[in-house]
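> just to be clear, the model below is a prediction. Sequence and coordinates:
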Amino acid sequence: MNEALRQLHDRKSVRVYEDRPVPEDVKKAILEAAIQAPSAGNMALYTILDITDPEKKAKLSVSCDHQPFIATAPMVLIFCADYRRWYDVFCANLDTVRKPDLGDLFLAEADAIIAAQNAVVAAHSLGLGSCYIGDITENFEYHRELLGLPQYVVPAAMLCMGYPTKQQLSRPKPPRHAVSDLVHENGYDLEKAARMPRMLETQQGKTGEELQDYIRRFCQRKWNSAFSEEMSRSCRAMVEAWLK
Ligand SMILES: Cc1cc2nc3c(=O)[nH]c(=O)nc-3n(C[C@H](O)[C@H](O)[C@H](O)COP(=O)(O)O)c2cc1C
């Protein structure tokens, strides 16, 4: 396995950080690596918010489904899908310009998230741990206000970063499914998709009643949950604001 592959395999989410700051040159290297990511038409349809204000981190730790480690994370980045810059420059140079639509939002979301993943990989290579915070897409109206987001700029991904504690380094990485179960050749394979119960058996090391119990609990925690309801409400509000 070469070094890049080894690092991709080694990386795991880190949620507890040593109490020491990320040096500015390290932060700069991570941000420089993030913007090397591919982007649609090389338009860089994103803006990265570097949240350094402890008060804002504390507020985000509450608004992002009450996750206290956000408040103490030495580095917090929010990757926003951003068509504001391009739309303004189009409008300044052409008489007729259509408004940003859903396709543009999807493209900008992809750009933002791909840049975020570059930051994750770069951070890992520099000895930092990171964790995505999906809940940044909740409470859209609140986050828009807190972060001063104009129309056509919406949060796509948030990352907490810092030097991992020893305990985090020794924590095992959650196991993955087999590549053969996740890759379908030339088109969607419903038979492979129906292997999901067996995939979960292997991944979780559980069978029968124990596996059923795991699935029920997981569904309650991740699917039938208040946070996922809020995420859908918030994302609908985000789309409405984008299309206004
Ligand atoms: C889009 C996305 C959102 C996530 N949101 C959270 C989150 O809000 N809180 C958290 O602790 N982990 C979050 N994670 C981390 C996942 O739980 C983690 O990636 C997954 O369990 C696999 O573990 P690993 O990253 O250690 O391999 C998120 C990951 C992704 C990709």
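Nice, I can see it. As the structure is a computational prediction, the values presented were derived from the model and not from experiment.
> please point out which parts of the strand or helix carrying residue 55 sit buried.
Per DSSP states H and E: residue 55 is located in helix 54-63. Neighbour-count burial for helix 54-63 flags 56-57, 59-61, 63 (criterion: 16 or more other C-beta atoms under 10 Å). Every residue, glycine included, has its C-beta placed from N, CA and C.
> which SSE is immediately downstream of it?
Under the assignment DSSP H and E, the closest C-terminal helix or strand after helix 54-63 is helix 69-72.
> packing partners for that next one?
helix 54-63, strand 153-162 (3 or more C-beta pairs under 8 Å, 6 or more residues apart in numbering; DSSP states H and E).
> let's go with 6 Å and repeat that
Counting contacts by 3 or more C-beta pairs under 6 Å, 6 or more residues apart in numbering; DSSP states H and E, helix 69-72 is packed against helix 54-63.
> longest helix of the chain?
helix 102-125 (DSSP state H).
> list the contacts of residue 43.
If you count contacts by C-beta atoms under 6 Å, 6 or more residues apart in numbering, residue 43 has none.
> just the helices in the protein please.
3-10, 24-34, 54-63, 69-72, 84-93, 102-125, 140-147, 166-170, 179-182, 190-193, 196-204, 208-222, 226-243.
> from residue 39, how far off is the closest residue to residue 51 other than its chain neighbours?
In space, and not counting its chain neighbours, residue 51 is closest to residue 76: 4.1 Å by C-beta to C-beta, 6 or more residues apart in numbering. Going from residue 76 to residue 39 by C-beta to C-beta, to the nearest Å gives 22 Å.
> repeat for residue 139
Distance from residue 139 to residue 39, by C-beta to C-beta: 27 Å.
> who has more neighbours out of these two?
residue 139 (22 against 18; other C-beta atoms under 10 Å).
> from this structure, which residue is nearest to the ligand?
When scored by C-beta to the nearest ligand atom, the chain has residue 134 as its residue closest to the ligand, at 2.9 Å.
> can you tell me the average pLDDT over the longest helix of the chain?
Helix 102-125 carries an average pLDDT of 98.
> burial measure for residue 235, as a count.
The tally of other residues near residue 235 (other C-beta under 10 Å) stands at 14.
> now it: closest residue in space that isn't a chain neighbour?
residue 137 (5.7 Å).
> what pLDDT does the one you found get?
For residue 137, the pLDDT comes out at 98.
> buried sites along the helix or strand of the chain with the lowest mean pLDDT?
When each helix and strand of the chain is scored by mean pLDDT, DSSP states H and E, helix 166-170 comes last, with a mean of 94. Of all the residues in helix 166-170, those buried under the rule 16+ other C-beta under 10 Å are residue 168.
> what does the protein have sitting close to the ligand?
With C-beta under 6 Å from any ligand atom as the criterion, the chain comes near the ligand at residues 12-13, 15, 67, 131-135, 173-174.
> which two of those residues have the greatest separation?
135 and 173 (21.8 Å; C-beta to C-beta).
> which of these two has more neighbours?
residue 135 (22 against 10).
> rewinding a little: next one: the longest helix of the chain to chain centre, how far?
Averaged C-alpha coordinates place helix 102-125 at 8 Å from its chain's average position (C-alpha atoms, centre = their mean, to the nearest Å).
> got the CA positions of it in CSV?
What follows is helix 102-125, C-alpha atoms only, in CSV (Å, rounded to 0.1, in the frame of the first residue of the first chain):
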residue,chain,number,x,y,z
LEU,A,102,-31.4,23.9,-8.0
GLY,A,103,-28.8,22.4,-10.4
ASP,A,104,-26.5,25.2,-9.4
LEU,A,105,-27.1,24.5,-5.7
PHE,A,106,-26.3,20.8,-6.2
LEU,A,107,-23.1,21.7,-8.1
ALA,A,108,-22.0,24.2,-5.4
GLU,A,109,-22.7,21.6,-2.7
ALA,A,110,-20.5,19.1,-4.5
ASP,A,111,-17.7,21.6,-4.8
ALA,A,112,-17.9,22.5,-1.1
ILE,A,113,-17.9,19.0,0.1
ILE,A,114,-15.1,17.8,-2.2
ALA,A,115,-13.0,20.7,-0.9
ALA,A,116,-13.9,19.7,2.7
GLN,A,117,-12.7,16.1,2.1
ASN,A,118,-9.4,17.5,0.8
ALA,A,119,-9.0,19.3,4.1
VAL,A,120,-9.8,16.1,6.0
VAL,A,121,-7.1,14.2,4.1
ALA,A,122,-4.6,17.0,4.4
ALA,A,123,-5.2,17.4,8.2
HIS,A,124,-4.7,13.7,8.7
SER,A,125,-1.4,13.8,6.8
